[in-house]
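[1] Quick one, fold the following:
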Amino acid sequence: MEKTTKTDNFLQAIKKYADEQRNAMRKEVEQLKEEKIREAKEKGRQDSEKYISRMLKAKQGEETGKIAKLMQDGQRKLYIERSEMTENVFKKAEERLIKYTESKEYNEKLIKSAKSIAQYFGAEDCILYIKESDMKNADKISALFNGKAEISVDKTIRIGGIKGYCPKLRIVADETLDSQLAEQRQWFIENSGLSVL
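    This next block holds a predicted model:
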């Protein structure tokens with residue numbers, strides 16, 4: 001499917017912002033991880049020295065269990081914080097995309113997306129799904145298709161864009177900003193390097 005330079009630039013800006021957030025999160029995760037490990041080691045050392053003469057083996061097992069629990073609690077906290085940070089990054093990206101859908105550039109991108117889907121479906125009839133606020137472009141969109149193009153509102157499209165389905169070809173063409181942002185989320189999760197071990 002054809003992508004506009006502006007959309008590419010916008011998605012690159014989202015990626016750059018996500019990279020910056022990832023780096024900040026990585027630094028914070030490392031600092032928190034080091035602090036928890038330092039605290040756990042110090043506590044283990046102090047407790048072991050108090051009881052080493054009487055219960056060395058028993059105390060070592062007990063302290064190991066405490067350290068493991070502290071590490072597990074720390075990992076859980078880091079996981080929650082990482083998830084919250086990721087959600088925050090993508091919530092802000094979604095807000096920026098929604099604001100973008102109010103621009104003239106977005107209306108041009110919507111028409112280009114429709115042209116791309118129309119070329120893909122050829123002369124076949126299709127059903128097109130758009131956000132309710134994009135219905136103002138319905139006539140322009142349907143005029144681009146050689147076959148019959150039925151346009152429906154899809155409430156699952158929260159940001160914007162267009163999705164087409166050709167029953168005869170059994171093909172779905174998704175040019176929504178929602179799916180493009182979802183693909184970026186998956187990439188961010190896989191490549192952020194914020195795994196908690």
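[2] Go ahead and confirm residue 6 touches residue 104.
    No. Taking CB atoms under 8 Å as the definition, residue 6 is not a contact partner of residue 104, at 10.7 Å. C-betas here are computed from N, CA, C, even on glycine.
[3] Name the residue in those two with the higher neighbour count.
    Legend: neighbour count by other CB atoms under 10 Å for residue 6 and residue 104, higher for residue 6 (14 against 7).
[4] and the more buried one, what is it in contact with?
    105, 109 (CB atoms under 8 Å, 6 or more residues apart in numbering).
[5] Let me see the ranges of the helices in the protein.
    With DSSP state H, the ranges of helices along the chain come out as 5-100, 104-121, 138-142, 177-191.
[6] Against which helices or strands is the second one packed?
    For helix 104-121, the packing partners by 3 or more CB pairs under 8 Å, 6 or more residues apart in numbering; DSSP states H and E come out as helix 5-100, strand 126-130, helix 138-142, strand 162-166, strand 171-174.
[7] List the buried residues of that helix.
    For helix 104-121, the neighbour count (16 or more other CB atoms under 10 Å) marks 106-107, 109-114, 116-118, 120-121 as buried.
[8] From those residues, which one has the minimum pLDDT?
    By pLDDT, residue 120 ranks lowest within the buried residues of helix 104-121, coming in at 89.
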